[in-house]
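need a 3D model of the following:
(2 chains)
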Amino acid sequence: NAGVTQTPKFQVLKTGQSMTLQCAQDMNHNSMYWYRQDPGMGLRLIYYSASEGTTDKGEVPNGYNVSRLNKREFSLRLESAAPSQTSVYFCASSEFRGAGELFFGEGSRLTVL
Amino acid sequence: QQQVKQSPQSLIVQKGGISIINCAYENTAFDYFPWYQQFPGKGPALLIAIRPDVSEKKEGRFTISFNKSAKQFSLHIMDSQPGDSATYFCAARYTGTASKLTFGTGTRLQVTL
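Numbers count the residues shown, from 1 in each chain, chains lettered A, B, ... in the order given. The predicted structure follows:
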């Protein structure tokens, strides 16, 4: 059972380059999320999609865009990467209502030089 | 502004001891308080959670204590084991926002032999 799958696991970019982080879940969840994790900062919500067809900003959306491609897939795009976007990015999914448990992927480590 | 404050940042406990991690929040609109456990190179995973209408929840060696009037909650790990060595995050969810969680900054726990 794959759960939440993120690609790529590692990526190095130069400042100004663009890239897309991919996320797919096989649990038939309605809601999906993108978080970033930085030392001493915990996990901060970038964007989320409560259900297919909707997306909303989280705590730190600047410099990012998202696409909810279908119920399974939720991508995060960096249009012009900056060193401040060096981080570990986690995708998560959950039921829209209910216990509220988030299921996380294993993360994508991004370095922007 | 950190809406969920977590302490300590790191903790070293001997095997068999009790590990205690504390969190405090300000927003009374939070209605669900989970704890997540994260091992190196992995995504966070739900450990235990509590709602504000109960003061304590226990699952095996893990207990959440909740003080609604003080707006504080804590995780107690009894008989701590080396396998418990991980980073622990407290979190809180706004009422009616699916599972959009606000996380604390994390506590790195090391259990020594």
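
next, residue B:34: secondary structure please.
Secondary structure, DSSP: H, G, I helix; E, B strand; the rest coil: residue B:34 is strand.

what about it, how many neighbours?
For residue B:34, the count of nearby residues is 23 (other C-beta atoms under 10 Å in any protein chain shown). Every C-beta, even on glycine, is put in place using the N, C-alpha and C of the backbone.

what's the answer for residue A:64, then?
Counted with other C-beta under 10 Å, residue A:64 comes out at 19.

wait, it sits on residue A:75?
No: if you go by C-beta atoms under 8 Å, residue A:64 and residue A:75 don't touch, sitting 10.5 Å apart.

find the closest residue to chain A in chain B.
Across chain B, the shortest distance to chain A (C-beta to the nearest C-beta) belongs to residue B:43, at 3.1 Å.

and the worst-scoring helix or strand of chain B on mean pLDDT, what does it pack onto?
When each helix and strand of chain B is scored by mean pLDDT, DSSP states H and E, strand B:101-103 comes last, with a mean of 91. Strand B:101-103 is packed against strand A:42-49, strand B:30-38, strand B:86-94, with contacts defined by 3 or more C-beta pairs under 8 Å, 6 or more residues apart in numbering or on different chains; DSSP states H and E.

which SSE is immediately downstream of it?
Moving toward the C-terminus from strand B:101-103, the next helix or strand (DSSP states H and E) is strand B:107-112.

give me the distance between the residue of chain A found nearest chain B and residue A:29.
Per C-beta to the nearest C-beta, the residue of chain A with the smallest distance to chain B is residue A:104, at 3.1 Å. Remark: distance between residue A:104 and residue A:29 (C-beta to C-beta, to the nearest Å) = 12 Å.

for residue A:82, same thing?
31 Å.

which of those two has more residues huddled nearby?
It is residue A:29, of residue A:82 and residue A:29, that has more neighbours when counted by other C-beta under 10 Å, with 20 against 13.

residue B:38: how many residues sit nearby?
21.

wait, doesn't it sit right on residue B:91?
No: assessed by C-beta under 8 Å, residue B:38 is found out of contact with residue B:91, at 11.8 Å.

chain A contacts on chain B?
Contacts of chain B with chain A, taken as C-beta under 8 Å from any C-beta of the partner chain, map to B:6, B:9, B:32, B:34, B:36, B:41-46, B:49, B:89, B:93, B:98-106.

what about residue 27, which SS state?
As the question left the chain open, I've gone with chain A. Recorded secondary structure, residue A:27: coil (three-state DSSP).

nope, chain B please
Secondary structure state of residue B:27, per three-state DSSP, is coil.

ok, it - contacts?
B:3, B:92, B:94 (C-beta atoms under 8 Å, 6 or more residues apart in numbering or on different chains).

out of those residues, who's the most crowded?
In terms of neighbours by other C-beta under 10 Å, the contacts of residue B:27 top out with residue B:92 at 23 neighbours.
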